[in-house]
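J.: Fold the stuff below for me.
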Amino acid sequence: MSALYRDYRHKLKKKYSNLKSSYQPRLKNKPPHVDADDWKCLVNHWHEATFQDKSNKFKTSRAKSSMPAYTGTKSYARLREQLKKENGKAPSRVEIFIKSRKRKKGKELEPLSQHVVSLFEHLKKQREEGGIMLDDEGIFAKVLGTEKNGYVRAYGPGKSFTAHFGATPSKVDLLK
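T.: Numbering: from 1, shown residues only. From the prediction side, this is the model:
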């Protein structure tokens with residue numbers, strides 16, 4: 001629920017609050033469906049120094065993102081279901097990662113994303129030729145390293161180690 005509210009506030013700010021204008025013009029540009037007190041509270045929130053600091057911090061963090069996904073508003077769950085329908089089987093994390101990093105025709109990937117995708121494809125080809133004995137999970141771990149902080153990559157928020165791997169791996173297992 002909080003994600004929906006946060007998204008709603010973001011859309012309000014983007015549409016009705018000009019970032020270059022000062023406090024008073026922002027207050028006057030109230031959306032018709034929002035209560036005046038609520039709008040004033042939002043504008044005050046956006047004007048606070050702590051909010052500005054956080055905003056700038058997250059902006060810099062997003063700019064450093066080295067391998068962004070190009071799925072737009074499509075979540076990993078929806079992408080997984082789409083691939084499941086197309087291929088008739090549940091896709092691996094490698095397939096989801098590759099599909100989410102592919103861009104529309106004519107647009108190139110970032111160098112790091114391109115390198116990681118080519119490593120995935122190279123290792124999958126070696127596996128088919130019998131050169132290595134790794135499943136897709138092993139290939140994923142070999143290329144991108146072990147999972148950190150309880151987040152399972154290529155699954156989006158909410159997927160835990162236990163839900164994906166069946167048990168919480170020990171520190172020794174994670175370091176392998």
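J.: same for the longest helix along the chain, what does it pack against?
T.: Longest helix of the chain, by residue count under DSSP state H: helix 111-129. Applying 3 or more C-beta pairs under 8 Å, 6 or more residues apart in numbering; DSSP states H and E, we find helix 111-129 packed against helix 93-101, helix 136-144. Placement of C-beta: from N, CA and C, glycine included.
J.: Any buried residues in that helix, and which?
T.: Within helix 111-129, the residues scored as buried using 16 or more other C-beta atoms under 10 Å are 113, 116-117, 120, 123-124, 127.
J.: how about TSV for those, with pLDDT and distance to residue 11 added?
T.: Formatted as TSV, those follow (pLDDT from 0 to 100; distance: C-beta to C-beta, whole Å):
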residue	pLDDT	distance to residue 11
113	83	28
116	87	33
117	86	33
120	88	36
123	90	42
124	88	40
127	88	45
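J.: Pick out whichever of the residues you listed sits closest to residue 148.
T.: Checking the buried residues of helix 111-129 against residue 148 with C-beta to C-beta, the nearest one is residue 116 at 16.4 Å.
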